[in-house]
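Engineer: here you go, sequence then predicted model.
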Amino acid sequence: MSYPAALHLTARRAAAPGAATVVFVHGSLDRGDSFRMVMRRLPELATIAYDRRGYQGSRGGGVVDLGGHVQDLLLVAEEARSEGVGPVVAVGHSLGGVVVVGAALAEPGAFDAVGAYEPPMPWLGFRRDRAREARAWPAVAEDPGEEAERFFSRMVSPAAWSRLNEAAQADRRADGPALVADLRSVRGESPPFDVEALGVPSVFGMGGPSTQPHHRATVQWLGAHVPGADVYEITGAQHGAHLSHPDHFAALTRRVVERAGGPARR
């Protein structure tokens, strides 16, 4: 496999000829390896996960904006298409879902179907401070390493951050510049794309009632406004469903493959 040299990939070929290929795209302050439990549950599919540029094994490729991540995903999809005969789909978690949707809008022929689990799209207006009727999110710290600590503590817990040893904390802080670029990419005044123009078969996933309300509202809106989109709920899951509910996330992935036409290319 000759994927972009700047990206650190984990790829596994499917046992069955003509199987679909799934490209997993991780969210902010995450890494491709976080999909390993999901990938193990999909033996019938070829699977690819990679560290987005600026993160973990792909830090050497530098930090890029949303457009750079979109182009990287399109290159990975192009290489996957050249090596197989089955459908090629992409499934993204959190900001990885924004990357997936952006890539499918930029080049619709790159994918047979796409999936996005709780993609943050604050421009849709569901994350607001109701008292001030303004978009509400924490200010980005001036120091990227500090922002990485804040983000981890907010998304997981302060106690979980404290349990990390010094090396693990330093490793997360090193992903701070890429995290800051991620956050700024979805917080601009103008939407990065028109998601209602998505013409590729799509599945939008969300957690159950215990997940963040703005994530559920976003996914429900996408299901109602993106032509032909499916909504897939993982009951009991919160935002990190690929880690907490890998069986269900694998089922969501299979639903995306079904939308692409199954194990063999149509």
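Structural biologist: Okay, I see it. All figures in this text were calculated on a predicted structure; none of them were measured in a lab.

Engineer: separation between the residue nearest the centre of the chain and Q169?
Structural biologist: Nearest to the mean C-alpha position of the chain, by CA atoms, centre = their mean, lies G96 at 2.2 Å. For G96, the distance to Q169 (CB to CB, to the nearest Å) stands at 23 Å. The way it works is simple: take the backbone N, C-alpha and C, and place the C-beta from them, glycine included.

Engineer: now do the contacts for V98.
Structural biologist: 66, 92, 116, 119-121, 185-186, 192 (CB atoms under 8 Å, 6 or more residues apart in numbering).

Engineer: cool, and V76?
Structural biologist: Contacts of V76 by CB under 8 Å, 6+ apart are 3-4, 7, 9, 23, 48, 50.

Engineer: ok, back up a step: check which helix or strand the residue nearest to the centre of the chain maps to.
Structural biologist: helix 95-106 (DSSP states H and E).

Engineer: equivalent analysis for V70, please.
Structural biologist: Assigned by DSSP H and E, V70 falls in helix 66-83.

Engineer: which secondary structure elements does the next helix or strand after that helix sit against?
Structural biologist: The helix or strand immediately downstream of helix 66-83 is strand 88-93, counting by DSSP H and E. The contact analysis (3 or more CB pairs under 8 Å, 6 or more residues apart in numbering; DSSP states H and E) places strand 88-93 against strand 21-25, helix 66-83, helix 95-106, strand 113-117, helix 246-260.

Engineer: flag every buried residue along the second one.
Structural biologist: Using 16 or more other CB atoms under 10 Å as the test for burial, helix 66-83 gives 66, 68-77, 79-81.

Engineer: endpoints of stretch 12-19, how far apart?
Structural biologist: 12 Å (CA to CA, to the nearest Å).

Engineer: hmm, I was thinking of stretch 24-41
Structural biologist: 14 Å.

Engineer: give the contact list for the closest residue to the residue nearest to the centre of the chain other than its chain neighbours.
Structural biologist: Excluding the flanking residues, the one nearest G96 by CB to CB, 6 or more residues apart in numbering is V25, at 3.5 Å. Applying CB under 8 Å, 6+ apart to V25 gives the contacts 50, 52, 69, 73, 90-93, 96-97, 99-100.

Engineer: between these, which is nearest W161?
Structural biologist: Closest to W161 out of the contacts of V25 is H93 (20.1 Å), distances taken as CB to CB.

Engineer: which element is G228 on?
Structural biologist: Using DSSP H and E, no helix or strand contains G228.

Engineer: so where is the stretch 51-200 of the chain shaky, pLDDT-wise?
Structural biologist: 127-137 (pLDDT under 70).

Engineer: so what's V226 up against?
Structural biologist: 195-196, 198, 202, 204 are the contacts of V226 under CB under 8 Å, 6+ apart.

Engineer: roughly how far does it sit from R52?
Structural biologist: As defined by CB to CB, V226 lies at a distance of 23 Å from R52.

Engineer: quick one on the thing from earlier: just the contacts of V76 now: which is nearest L42?
Structural biologist: For those, the nearest to L42 is I48 (11.3 Å; CB to CB).

Engineer: what pLDDT is listed against G18?
Structural biologist: Turning to G18, the model gives it a pLDDT of 83.

Engineer: measure it to F152 for me?
Structural biologist: 41 Å.

Engineer: and the strands in the protein, which stretches?
Structural biologist: For the chain, the strands defined by DSSP state E cover 8-12, 21-25, 46-51, 88-93, 113-117, 128-129, 134-135, 202-207, 230-234.

Engineer: which other helices and strands contact the first one?
Structural biologist: With contacts defined as 3+ CB pairs under 8 Å, 6+ apart, strand 8-12 has these neighbours: helix 36-40, strand 46-51.

Engineer: quick one: which of the ones you listed is nearest W221?
Structural biologist: Among these, helix 36-40 sits nearest to W221 (CB to CB), with 25.4 Å.

Engineer: tell me the gap between that closest one and the middle of its chain.
Structural biologist: On the basis of CA atoms, centre = their mean, to the nearest Å, helix 36-40 sits 15 Å off its chain's mean C-alpha point.

Engineer: what are the buried residues along it?
Structural biologist: For helix 36-40, by 16+ other CB under 10 Å, it's 36-39.
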